[in-house]
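Enquirer: the amino acid sequence is not available; the structure is as follows:
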């Protein structure tokens with residue numbers, strides 16, 4: 001009952017599960033990865049939102065520790081390397097620490113502005 005009391009929680013969990021499955025397929029070599037993932041991951045390692053939990057770097061607190069979040073304040077909760085390897089992902093903040101925006105193909109996140 002707790003999952004369905006708050007609007008959007010089920011959808012948020014479903015998206016997180018899809019991202020986790022995609023990361024697993026990427027680790028198995030069944031999905032492509034971003035060509036510049038190492039550069040992206042190195043930017044994550046220097047970020048003020050980065051948290052290390054059980055030896056893994058996360059963009060903010062791990063997702064299941066905080067499901068409801070504001071990306072530019074809390075991060076997305078994804079493991080940094082998995083996030084960096086996903087070609088469809090973007091950093092939630094700009095190089096100045098403001099919320100990143102994407103309009104069409106234009107993005108001002110840390111990864112795209114570099």
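Expert: Yep, it's here. The structure presented is a predicted model; accordingly, all values stated were derived computationally and were not measured. Numbers count the residues shown, from 1 in each chain.
Enquirer: what ranges do the strands span in this structure?
Expert: Secondary structure of the chain by DSSP state E: the strands cover 50-53, 56-59, 102-103, 106-107.
Enquirer: elements contacting the first one?
Expert: The helices and strands touching strand 50-53, judged by 3 or more Cβ pairs under 8 Å, 6 or more residues apart in numbering; DSSP states H and E, are strand 56-59. Any C-beta I mention is one placed from the backbone N, CA and C, and that applies to glycine too.
Enquirer: please state the offset of the strand it packs on from the chain centre?
Expert: For strand 56-59, the gap between its own C-alpha mean and the chain's C-alpha mean amounts to 9 Å (Cα atoms, centre = their mean, to the nearest Å).
Enquirer: buried sites along that strand?
Expert: For strand 56-59, a neighbour-count test (16 or more other Cβ atoms under 10 Å) marks 57, 58, 59 as buried.
Enquirer: equivalent analysis for stretch 90-108, please.
Expert: Taking 16+ other Cβ under 10 Å as the basis for neighbour counts, the residues of stretch 90-108 that come out buried are 90, 91, 92, 93, 94, 100, 107, 108.
Enquirer: export these to a markdown table and tack on distance to residue 18?
Expert: Compiled in a markdown table, these are given as follows (distance: Cβ to Cβ, whole Å):
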| residue | distance to residue 18 |
| --- | --- |
| 90 | 16 |
| 91 | 19 |
| 92 | 18 |
| 93 | 23 |
| 94 | 26 |
| 100 | 21 |
| 107 | 21 |
| 108 | 25 |
